[in-house]
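**Student:** Provide a 3D model corresponding to the input given below.
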Amino acid sequence: MPAVKTRRRWVFASAIVVALAALGGYVALGLRSTPREKAPAVLEAEAWLTDETQGEAVALVGAVPGEEELRAAAKGGNVIICLLDEVRPDHCSCYGYPRETTPNVDRLAPGSVVFTKHFCPVPFTRSSTASLLTSQYPDTHNVFRRQELPPSVFTLESALADAGWSTAFFTANIQASPAFGLGQDFGYTSSGTGGDAVDAGAGFSAPQSAFEKPEPLLQQISEWLKRGPRRPFFAYLHFRHPHAPYDAPADMQRLFAGVEPPGLKKGEGRYLASRVAGLPSSDGSPYWEKLNQYDANLRYADWAVGELEKILREQDAFDNTLLIITSDHGDTFGEREKGSRRWCMYDEAVRIPLVIRFPRESGPTGYVRALTETVDLLPTILNLFDVPYPREQVQGRSLLPLLTGSKTAIRQYVFARTDEGRPKIPASYLVRDLRWALILQQGGKNRELYDLEADPGQTRNVIAQHPEQAQKMIRGFRGFAATQTRPPLDFVDPEFTPPPHSGAPLAEMTEDTRRQLRALGYVD
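**Tutor:** Numbering: from 1, shown residues only. Sure, this is the predicted structure:
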């Protein structure tokens with residue numbers, strides 16, 4: 001893997017922190033300047049992971065570009081969304097994790113914008129990917145356990161294809177595939193297993209193995225680029241790692257094996273070994289070895305990012321590409337009794353990384369600490385490239401005001417929900433700002449409120465001490481719920497009955513699809 005190279009020296013302006021912190025968040029941006037010696041994670045380390053309200057410093061380099069400058073910088077460029085499945089930012093070294101789990105992203109980070117408060121709408125691959133491609137929340141696109149995305153829904157790929165772009169979809173996770181209606185509008189699709197890449201209209205063969213490694217996917221995008229797609233192009237790459245099973249190469253596993261992970265929470269927190277395929281709890285290893293193997297899988301995913309960069313450089317495409325690195329959701333490591341991340345509304349499950357690198361090193365660099373969401377990527381990309389879209393169907397907000405520094409926030413709250421509830425597991429909704437996290441349970445009964453300033457680990461429910469804050473956030477939730485096609489008002493009004501699902505057909509699953517989903521822990 002490429003070594004971490006020296007890049008860009010960052011200048012700190014602590015006086016700006018006070019002014020921007022007073023606005024409820026900050027944006028730290030700049031243009032490329034002089035070489036620096038360390039990745040920004042080394043400079044800022046864990047401050048963002050533990051302190052939700054006060055920034056340590058704002059790093060500014062040069063002048064901040066305006067929106068027209070950004071559009072000029074991006075004009076004619078390509079777009080690649082590189083999604084690394086199930087990544088927690090607090091386990092990424094580019095976000096301050098003490099282990100070097102993401103050296104390739106670390107190397108790209110000084111020339112990129114790193115978003116430190118980015119959230120997915122649901123900790124479930126299929127629903128989250130649907131939100132990324134449609135800029136709609138789950139209660140509008142209605143892609144849940146068995147539903148697939150209807151072909152009539154507006155998507156990012158359809159907008160770019162209509163604007164003359166080549167589009168390609170590469171996935172190693174069956175949950176994010178045309179098998180469930182995702183990626184169906186791309187001109188070229190591939191599952192990365194070899195032999196099932198198809199052009200639009202020829203059908204799609206679901207991945208033969210849900211445990212696909214990065215190499216076949218990288219080979220297929222390399223071959224696609226060698227065939228010379230029309231420029232500009234938009235490619236979506238969905239790598240499976242660090243999803244279980246934990247099968248990173250042995251040399252990567254040896255990097256972390258046998259050593260307690262940093263920040264390990266001892267005591268009641270236990271990683272649920274029953275969720276981890278290929279590593280039964282009876283093997284005698286400490287439960288924290290699962291975290292070591294997660295870190296190794298993350299290193300494997302980061303290796304794929306480095307290989308993708310090599311491929312793009314070989315095809316003379318890297319310097320002309322807007323590269324977006326993100327995830328679909330986080331994961332739970334036994335921090336609390338709610339073991340499965342599908343039913344978890346805490347930061348470990350819904351907070352995800354987002355790194356954006358502009359073409360030709362011509363865009364902003366730095367950190368954005370304002371609240372952002374997965375649904376914001378579609379309007380950002382289309383606004384940046386002046387591609388029209390039906391605004392009434394898009395629920396996200398463009399990140400361009402944050403990327404130019406013209407705004408320090410684009411929303412007061414982020415919203416996320418679990419998958420649809422089950423008889424013994426009610427669904428939950430999250431309402432979160434920079435300081436407070438409110439969790440609402442379906443049926444309007446149980447509620448939790450956490451003061452992230454005093455309790456970043458979200459361990460003490462203080463709703464009894466701060467009822468006014470909870471009511472303020474509930475009012476914000478009601479306003480949000482009213483914008484959804486299936487208003488989730490049953491989370492605050494026990495008597496409310498949501499309308500039935502509409503427009504989201506049930507996916508027909510073959511036995512092979514069921515086997516893959518069962519191996520990933522999605523079905524019993």
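
**Student:** gap between stretch 345-352 and the chain center?
**Tutor:** On the basis of CA atoms, centre = their mean, to the nearest Å, stretch 345-352 sits 10 Å off its chain's mean C-alpha point.

**Student:** Let me know the average pLDDT across it.
**Tutor:** Averaged over stretch 345-352, pLDDT sits at 95.

**Student:** List the buried residues of stretch 140-152.
**Tutor:** 140-144, 146-149 (16 or more other CB atoms under 10 Å). For every residue, glycine as well, the C-beta is placed using N, CA and C.

**Student:** Which of those sits closest to residue 155?
**Tutor:** Nearest to residue 155 among the buried residues of stretch 140-152: residue 149, at 8.0 Å, using CB to CB.

**Student:** That closest one contacts residue 181, correct?
**Tutor:** Yes - Residue 149 is in contact with residue 181 according to CB atoms under 8 Å; the separation is 3.6 Å.

**Student:** intersection of neighbour lists for those two?
**Tutor:** 130, 143 (CB atoms under 8 Å, 6 or more residues apart in numbering).

**Student:** returning to what we had before: with respect to pLDDT, which of the buried residues of stretch 140-152 ranks lowest?
**Tutor:** When the buried residues of stretch 140-152 are sorted by pLDDT, the bottom entry is residue 146 at 68.

**Student:** centroid residue for the protein?
**Tutor:** residue 327 (3.0 Å; CA atoms, centre = their mean).

**Student:** Could you tell me which residues make contact with the closest residue to that residue other than its chain neighbours?
**Tutor:** Leaving aside its chain neighbours, residue 327 sits nearest to residue 87 (3.8 Å; criterion: CB to CB, 6 or more residues apart in numbering). Neighbour list for residue 87: 242, 298, 301, 327, 330, 352-353 [criterion: CB under 8 Å, 6+ apart].

**Student:** Equivalent analysis for residue 396, please.
**Tutor:** Residue 396 neighbours (CB under 8 Å, 6+ apart): 135, 373-380.

**Student:** For PyMOL, what selects the buried ones among these?
**Tutor:** To isolate the buried members of those in PyMOL, using 16+ other CB under 10 Å:
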select buried, resi 135+373+374+375+376+377+378+379+380
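
**Student:** For the stretch 51-200 of the chain, just list every one of the helices.
**Tutor:** According to DSSP state H, counting those that start in this stretch, the stretch 51-200 of the chain carries its helices in the segments 67-74, 103-108, 125-134, 138-141, 156-162.

**Student:** my guess is residue 225 meets residue 315, correct?
**Tutor:** Yes - using CB under 8 Å, residue 225 makes contact with residue 315 at a distance of 4.4 Å.

**Student:** Give me the buried positions along the longest helix along the chain.
**Tutor:** Identified as the longest helix of the chain according to DSSP state H is helix 289-314. Under the neighbour-count criterion of 16+ other CB under 10 Å, helix 289-314 has 289-309, 311-312 buried.

**Student:** Sheet partners, orientation included, of the following helix or strand past that helix?
**Tutor:** Counting by DSSP states H and E, the next helix or strand C-terminal to helix 289-314 is strand 321-326. The pairing partners recorded for strand 321-326 under DSSP bridges are strand 78-84 (parallel), strand 351-357 (antiparallel).

**Student:** Present these as JSON lines; the columns should include distance to residue 411 and mean neighbour count.
**Tutor:** Listed next are the strands paired with strand 321-326 as JSON lines, based on distance: least, CB to CB, whole Å; neighbours: other CB atoms under 10 Å:
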{"stretch": "strand 78-84", "distance to residue 411": "21", "mean neighbour count": "23"}
{"stretch": "strand 351-357", "distance to residue 411": "15", "mean neighbour count": "24"}
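
**Student:** Residue 489: which of those strands is closest?
**Tutor:** Across those, residue 489 has its closest neighbour in strand 351-357 (25.6 Å, CB to CB).

**Student:** Below-threshold pLDDT in the stretch 301-450 of the chain: ranges please.
**Tutor:** The model of the stretch 301-450 of the chain has pLDDT under 70 over residues 337-341, 421-423.

**Student:** Would you map the strands across it?
**Tutor:** For the stretch 301-450 of the chain, strands defined by DSSP state E, counting those that start in this stretch occupy the ranges 321-326, 351-357, 364-368, 372-373, 414-417, 428-432, 436-441, 447-451.

**Student:** just to revisit the earlier point, which stretch among the helices of the stretch 51-200 of the chain is buried most, on average?
**Tutor:** Most buried of these by mean neighbour count (mean count of other CB atoms under 10 Å) is helix 125-134; its value is a mean of 28.

**Student:** Give me the angle between that helix and strand 321-326.
**Tutor:** 150 degrees (axes from the mean of the first three to the mean of the last three CA atoms, to 10 degrees).

**Student:** Return the distance of helix 125-134 from the chain's centre.
**Tutor:** Helix 125-134 sits 10 Å away from the centroid of its parent chain (CA atoms, centre = their mean).

**Student:** go on, stretch 315-332?
**Tutor:** On CA atoms, centre = their mean, the centre of stretch 315-332 falls 10 Å from that of its chain.

**Student:** Using PDB, list the CA coordinates for it.
**Tutor:** Provided in PDB are the C-alpha atoms of stretch 315-332 (Å, rounded to 0.1, in the frame of the first residue of the first chain):
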ATOM      1  CA  GLN A 315      -6.300   5.600 -17.200                       C
ATOM      2  CA  ASP A 316      -5.500   9.300 -16.800                       C
ATOM      3  CA  ALA A 317      -8.800   9.900 -14.900                       C
ATOM      4  CA  PHE A 318      -7.800  10.600 -11.300                       C
ATOM      5  CA  ASP A 319      -7.000  14.200 -11.600                       C
ATOM      6  CA  ASN A 320     -10.200  14.900 -13.400                       C
ATOM      7  CA  THR A 321     -12.500  13.100 -11.000                       C
ATOM      8  CA  LEU A 322     -14.600  14.200  -8.100                       C
ATOM      9  CA  LEU A 323     -13.900  11.400  -5.600                       C
ATOM     10  CA  ILE A 324     -16.400  10.900  -2.800                       C
ATOM     11  CA  ILE A 325     -15.500   8.300  -0.100                       C
ATOM     12  CA  THR A 326     -18.300   7.400   2.400                       C
ATOM     13  CA  SER A 327     -20.200   4.500   3.900                       C
ATOM     14  CA  ASP A 328     -23.800   3.200   4.200                       C
ATOM     15  CA  HIS A 329     -23.900   2.800   8.000                       C
ATOM     16  CA  GLY A 330     -21.700   2.100  11.000                       C
ATOM     17  CA  ASP A 331     -21.700  -0.900  13.300                       C
ATOM     18  CA  THR A 332     -22.200  -1.900  16.900                       C
END
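
**Student:** what's residue 320 in contact with, if anything?
**Tutor:** By CB under 8 Å, 6+ apart, the contact list for residue 320 reads 76-78, 359-360.

**Student:** Identify, from the residues you listed, the entry nearest to residue 402.
**Tutor:** Residue 402 lies nearest to residue 359 out of those, by CB to CB, at 18.5 Å.

**Student:** Does that closest one touch residue 319 like I think?
**Tutor:** Yes - Residue 359 lies in contact with residue 319 (CB under 8 Å); the separation is 6.5 Å.

**Student:** higher neighbour count, these two?
**Tutor:** Between residue 359 and residue 319, residue 359 has the larger neighbour count (other CB atoms under 10 Å), namely 21 against 12.
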